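In: 3D, please:
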Amino acid sequence: VQLQASGGGLVQAGGTLKLSCAASGSGFTINSMGWYRQAPGKQRELVATMTTNGRTNRADSVKGRFSISRDNAKNTAFLQMNSLEPEDTAVYYCTAKAVKWYGSIIREYDYWGQGTLVTVSS
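Out: From the prediction side, this is the model:
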């Protein structure tokens, strides 16, 4: 599975950005997609994820401001970021959990895309 993220950039505080992440490859089934982020000097942290059946998980710091959506048919996920704050400045990493069948055995894998930089100026 390869993940291609896009949509990062520079925005002023209070502004909006939308990130996209497309998964490609064959022989797998995506279970969930989402984003983590890593700010300078900090650990990577969850932003938001969404399962194929629509269950979401979001960090408390982004609730009410960020929303995640998916196009399951296209294996694509979107992160709509509103009311951005300087504290949201980070490299955002697209992630996916996918499963592959090997006969009667199923294995789950975590995949990561390249990061996309989001910079929010004050």
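
In: for Leu10, give me its contacts.
Out: By Cβ atoms under 8 Å, 6 or more residues apart in numbering, the contact set of Leu10 is Thr119, Val120, Ser121. Any C-beta I mention is one placed from the backbone N, CA and C, and that applies to glycine too.

In: buried subset of those?
Out: Buried subset of these (neighbour count, 16 or more other Cβ atoms under 10 Å): Thr119, Val120.

In: now, the contacts of Leu10 that are in strands?
Out: Secondary structure assignment by DSSP state E places Thr119, Val120, Ser121 of the contacts of Leu10 in strands.

In: quick one: which of the residues you listed is nearest Ser26?
Out: Thr119 (35.3 Å; Cβ to Cβ).

In: how far away is that closest one from Asp88?
Out: The gap separating Thr119 from Asp88 is 9 Å, by Cβ to Cβ, to the nearest Å.

In: cool, and Ala73?
Out: For Ala73, the distance to Asp88 - Cβ to Cβ - is 29 Å.

In: could you do Ser26 as well?
Out: Counting by Cβ to Cβ - Ser26 and Asp88 are separated by 35 Å.

In: higher neighbour count, those two?
Out: Asp88 (22 against 6; other Cβ atoms under 10 Å).

In: am I right that that one is in contact with Ser121?
Out: No: at 11.1 Å, Asp88 and Ser121 do not qualify as touching, with contact defined as Cβ atoms under 8 Å.

In: show the pLDDT at Trp35.
Out: Trp35 is assigned 97 on the pLDDT scale.

In: with adjacent residues omitted, what lies nearest to it?
Out: Spatial nearest neighbour of Trp35, excluding adjacent residues (Cβ to Cβ, 6 or more residues apart in numbering): Val47 at 4.3 Å.
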